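> Using only what follows, build the 3D model:
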Amino acid sequence: MFTRDMSGGEIVKQAFAGLRSAALEANHVACVCDVSGMPWLVRSMFALPGLRKRLYPVMLDESGEATRAFPYREGKASILVLDSGIIASVAYAGTGDEVTAALRL
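Okay, here's the model as predicted:
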């Protein structure tokens with residue numbers, strides 16, 4: 001899972017509500033967020049504390065460099081399927097239900 005904006009982040013949050021990291025690990029799901037476009041104050045005071053409360057790990061790209069080439073559509077969550085570390089397919093989800101259906105959670 002990859003998100004670059006707050007709307008995409010909310011979609012992932014909705015999809016993973018109540019799921020523990022063990023369920024995501026069992027399905028080989030990881031969540032990556034590019035927070036580089038977020039103002040520092042908003043990131044440090046609101047976003048990071050909220051992300052720390054989630055029941056699953058979230059990897060952050062604070063500079064935007066690591067995820068620069070990741071496929072993205074505004075307001076969507078990107079579902080990236082990897083094969084040997086290479087993106088094999090991409091889907092975009094606009095709701096939490098679309099995420100859970102695509103990931104079969």
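> From now on I want contacts and neighbour counts done on CA atoms only, so please keep to that.
Fine.
> Please tell me I have it right and Thr32 contacts Asp61.
Not Thr; residue 32 is Val. Yes. Between Val32 and Asp61 there is a contact at 7.4 Å, judged by C-alpha atoms under 8 Å.
> residue contacts, the residue nearest to Met59 when sequence neighbours are not counted?
The spatial neighbour of Met59 that comes closest, neighbours along the chain excluded (C-alpha to C-alpha, 6 or more residues apart in numbering), is Val32 at 4.7 Å. Residues in contact with Val32 (C-alpha atoms under 8 Å, 6 or more residues apart in numbering) are 1-3, 58-61.
> would Val32 count as being in a strand?
Yes. Counting by DSSP: H, G, I helix; E, B strand; the rest coil, Val32 falls inside a strand.
> Please report the number of neighbouring residues for Lys53.
Using other C-alpha atoms under 10 Å, Lys53 has 9 other residues around it.
> typed the wrong thing, it's Ala17
Number of residues near Ala17 (other C-alpha under 10 Å) recorded here: 13.
> pLDDT score for it?
Looking at Ala17, its pLDDT stands at 90.
> For Ser63, which non-adjacent residue is closest in space?
Ser36 (5.0 Å).
> And that neighbour, how far from Val81?
According to C-alpha to C-alpha, to the nearest Å, Ser36 and Val81 sit 23 Å apart.
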